[in-house]
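Colleague: whatever this is, show me its structure:
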Amino acid sequence: MSTSYFSQIHVGPDGTFTPSGDHSTSRAELKKIVTEIAASNKKRLVIYCHGGLVPESSGMASALTVNKNIRHEDHYVVSFIWETGFLEVLRDNLKDIFSSKQGARLLKWAIRAITKRLAFGTLKGGAGSGIAIQDIEEELKKAHPFKEFDSIATSFTKTKSTALDLEEDLSNFELDIQHEIEQYEFENNETEDEWYEGAPSKVRTNLSKEDLHGNQKGLGYLRVASAVVKLAWAVIKRYRNGTDHGLHATVVEEICRQYYISDAGQWVWGQMKNKAQEMWETDKVGGEFIHLLNELAPDQEVHLIGHSAGSICISHLLNKNEQLSKKLNIVNLFLLAPAARMDLFDEAIVNPSTSQHSRFKGFRMFTMTDEFEQDDTLVKAIPMLYPSSLLYFISGVLEAETASPVSGLVRHQAHSDAYNDPVFRRVEEFLSVNQRLVTSPTDDDAPEGCRSTAVSHGAFDDNPCTLSSIKYCLLNGLP
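Modeller: Residues are numbered from 1 along each chain as shown. Now for the predicted structure:
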């Protein structure tokens, strides 16, 4: 199980030793790994936790790549493999939703309603009657649609206060949209019942109408208009309070949350987060590892690396270690595009109740600039499905609260009108010192240890520049 002072530890369901997948780690094998760590006399034990929502094979491949790039004669690298495969299913679901007539129509008509309600004239802005459906369809063919709209939408919504009072004449606006849909569908030879084709059960339940005999038949243009206006109002409110993710992304998120995958997605994401915490409990894989390490190598220097949801594992490891009478000697902490919620990041890492130096000594986060984060399409082959990164999708759909702040998103790392809890001031202050935050891609003249060229969420764990920076910091220390 171990070559060149590298081991993989497989975590089963609920953080247990129970096998799941093609590989597993028994208690005896775990003790053998820790015994080897103690006997190796390596100066540094590096613990790596890969991202979540991936299958076992992807987690193992990521671990091998990280080890290849950071290995050194003074390093022993241990990777926790905690497969929670879901990402490909999620991407396939998005394809199914927005390649269907129902999903595509909801998307373009919600955009039409938003721009119409805001009296937004063209993609260049200005007064008008909204962006035409034909222009929306053309825009959605682009790699990054509605960039022109997004560049002015926030200030536009704040100045158009009367247009935002959607609830004052909701029924009139619904009738207006209904009339537009009827006219458009008539001109394009579509029928009312065709809106029903391919609709998910939630849409059928919420929007179906009854015929004279009480049988459900079609969606009904008025009910479709009601759904479209509901989506538009949710997006407009997010623009107004500063929690939007751009027009295209926000509309997709609200469609997913209200009608499609959010319930299932939140359940899977929640289960994954539970596993990231439970694995460190006593008698479970991570908890037993900590116990054995304290017993067999009590003075071992420990360094932690977490990519994406691996940051959630690392955060719970820090919290667990703080509860122990004998703690691991954690020196440096590296997070790559972390998916941990901001409240967990504040609790485990910023740690306002005690000095973070009691938990670790050095810290560095590598993540993307917001520009690249917004352009990191979730489904590369079909950008119109969702234009932004997995972190944005987690914030907008997979977390229970809409637009939940995520620690790896630069836009959430500073306090603002939308995110004004003291947590954000603490995080902003924490990240502002000692080059703790590195936003990729970095300039060519960035100092060693602070370089990254990753421009997609999944690239950080195999980006040679990022991993070379981590290796440099491991060998030379962090401030």
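Colleague: going forward, measure contacts and count neighbours with C-alpha atoms only.
Modeller: Noted.
Colleague: so where do the strands sit in this structure?
Modeller: 6-10, 44-49, 75-81, 301-307, 329-336, 362-368, 437-440 (DSSP state E).
Colleague: mind checking the pLDDT average for the second one?
Modeller: It stands for strand 44-49. Regarding strand 44-49, the rounded mean pLDDT is 98.
Colleague: all further residue positions should be reported with the first residue as 484.
Modeller: Yes, from this point I'll number from 484; that puts the last item at strand 527-532.
Colleague: now do it against strand 558-564, angle only.
Modeller: 20 degrees (axes from the mean of the first three to the mean of the last three Cα atoms, to 10 degrees).
Colleague: circling back: nearest to I516, out of the strands of the chain?
Modeller: Of all the strands of the chain, strand 489-493 sits nearest to I516, with 7.1 Å by Cα to Cα.
Colleague: run the chain-centre distance for the closest one.
Modeller: Relative to its chain's centre, strand 489-493 lies at 26 Å (Cα atoms, centre = their mean, to the nearest Å).
Colleague: what do you get for stretch 738-758?
Modeller: 12 Å.
Colleague: and for that stretch, what's in contact with it?
Modeller: 496-498, 535-536, 567, 569, 573, 576, 580, 589-590, 683, 685-686, 714, 795, 880-883 (Cα atoms under 8 Å, 6 or more residues apart in numbering).
Colleague: circling back: can you put the strands of the chain in TSV and add distance to Y742 and mean neighbour count?
Modeller: Below are the strands of the chain laid out as TSV (distance: least, Cα to Cα, whole Å; neighbours: other Cα atoms under 10 Å):
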stretch	distance to Y742	mean neighbour count
strand 489-493	36	24
strand 527-532	33	23
strand 558-564	33	25
strand 784-790	31	23
strand 812-819	32	23
strand 845-851	30	24
strand 920-923	35	22
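Colleague: distance to Q666 for those - can I get that in TSV?
Modeller: TSV is the format used below for the strands of the chain (distance: least, Cα to Cα, whole Å):
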stretch	distance to Q666
strand 489-493	58
strand 527-532	54
strand 558-564	55
strand 784-790	50
strand 812-819	50
strand 845-851	44
strand 920-923	48
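Colleague: so which of those is nearest K720?
Modeller: Closest to K720 of the strands of the chain, according to Cα to Cα: strand 845-851, at 26.7 Å.
Colleague: so what does that closest one touch, helix or strand wise?
Modeller: strand 812-819, strand 920-923 (3 or more Cα pairs under 8 Å, 6 or more residues apart in numbering; DSSP states H and E).
Colleague: those: which one's closest to D853?
Modeller: Using Cα to Cα, the nearest of the helices and strands packed on strand 845-851 to D853 is strand 920-923, at 8.9 Å.
Colleague: that older thread, mind putting the helices and strands packed on strand 845-851 into TSV with mean pLDDT and distance to H728?
Modeller: Shown next, in TSV, are these (pLDDT from 0 to 100; distance: least, Cα to Cα, whole Å):
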stretch	mean pLDDT	distance to H728
strand 812-819	97	21
strand 920-923	98	19
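Colleague: just send those back as a markdown table, with distance to S890 too.
Modeller: Formatted as a markdown table, those follow (distance: least, Cα to Cα, whole Å):
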| stretch | distance to S890 |
| --- | --- |
| strand 812-819 | 10 |
| strand 920-923 | 11 |
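Colleague: of the strands of the chain, which is nearest R600?
Modeller: That would be strand 845-851 among those, by Cα to Cα, at 33.4 Å.
Colleague: could I get the average pLDDT for the closest one?
Modeller: 97.
Colleague: for that strand, which strands pair with it and how are they oriented?
Modeller: Applying DSSP bridges, strand 845-851 is found paired with strand 812-819 (parallel), strand 920-923 (parallel).
Colleague: chain center to that strand: distance?
Modeller: Distance, centroid of strand 845-851 to centroid of chain: 16 Å (Cα atoms, centre = their mean).
Colleague: relative to strand 784-790, how tilted is that strand?
Modeller: 20 degrees.
Colleague: so what touches strand 845-851?
Modeller: 814-821, 891-893, 918-924, 935, 937-940, 943, 949, 960-962.
Colleague: tell me the domain boundaries of the chain?
Modeller: With automatic domain parsing serving as the domain definition, the record reports that the chain contains domains spanning 489-565+762-959, 581-748.
Colleague: just name the most buried of the ones you listed.
Modeller: Comparing the domains of the chain by mean neighbour count (mean count of other Cα atoms under 10 Å), domain 489-565+762-959 ranks first with a mean of 20.
Colleague: so how far is it off the chain centroid?
Modeller: That offset, for domain 489-565+762-959, works out to 14 Å (Cα atoms, centre = their mean).
Colleague: contacts only, for P930.
Modeller: P930 touches nothing, counting by Cα under 8 Å, 6+ apart.
Colleague: that one and K954, how far apart?
Modeller: As judged by Cα to Cα, to the nearest Å, P930 and K954 stand 14 Å apart.
Colleague: same check, this time on G729
Modeller: Applying Cα to Cα to G729 and K954 gives a distance of 36 Å.
Colleague: check T726 too.
Modeller: For T726, the distance to K954 equals 36 Å [Cα to Cα].
Colleague: over to G941?
Modeller: Taking Cα to Cα, one finds G941 at 19 Å from K954.
Colleague: ok so, going back, out of the helices and strands packed on strand 845-851, which comes closest to A780?
Modeller: Among the helices and strands packed on strand 845-851, the nearest to A780 by Cα to Cα is strand 812-819 (10.3 Å).
Colleague: scan the protein for its longest helix.
Modeller: Counting residues, the longest helix in the chain under DSSP state H turns out to be helix 704-724.
Colleague: next one: it to chain centre, how far?
Modeller: With Cα atoms, centre = their mean as the basis, helix 704-724 stands 24 Å off its chain's centre.
Colleague: what's the spacing between S541 and V712?
Modeller: For S541, the distance to V712 (Cα to Cα) stands at 41 Å.
Colleague: next one: A546
Modeller: Relative to V712, and taking Cα to Cα, A546 is found at 46 Å.
Colleague: okay, and for the stretch 534-683 of the chain, where does confidence drop off?
Modeller: Within the stretch 534-683 of the chain, the ranges that satisfy pLDDT under 70 run 602-611, 634-652, 673-683.
Colleague: so who does the residue sitting nearest the centre point of the chain touch?
Modeller: Nearest residue to the geometric centre of the chain (Cα atoms, centre = their mean): L874, 2.3 Å. For L874, the contact set (Cα under 8 Å, 6+ apart) comprises A822, V889, G891, L892, H940.
Colleague: just flag the most distant two among the residues you listed.
Modeller: The widest separation within these (Cα to Cα) is 13.4 Å, between V889 and H940.
Colleague: show me what contacts H898?
Modeller: Per Cα under 8 Å, 6+ apart, neighbours of H898: D904, F907, R908, E911.
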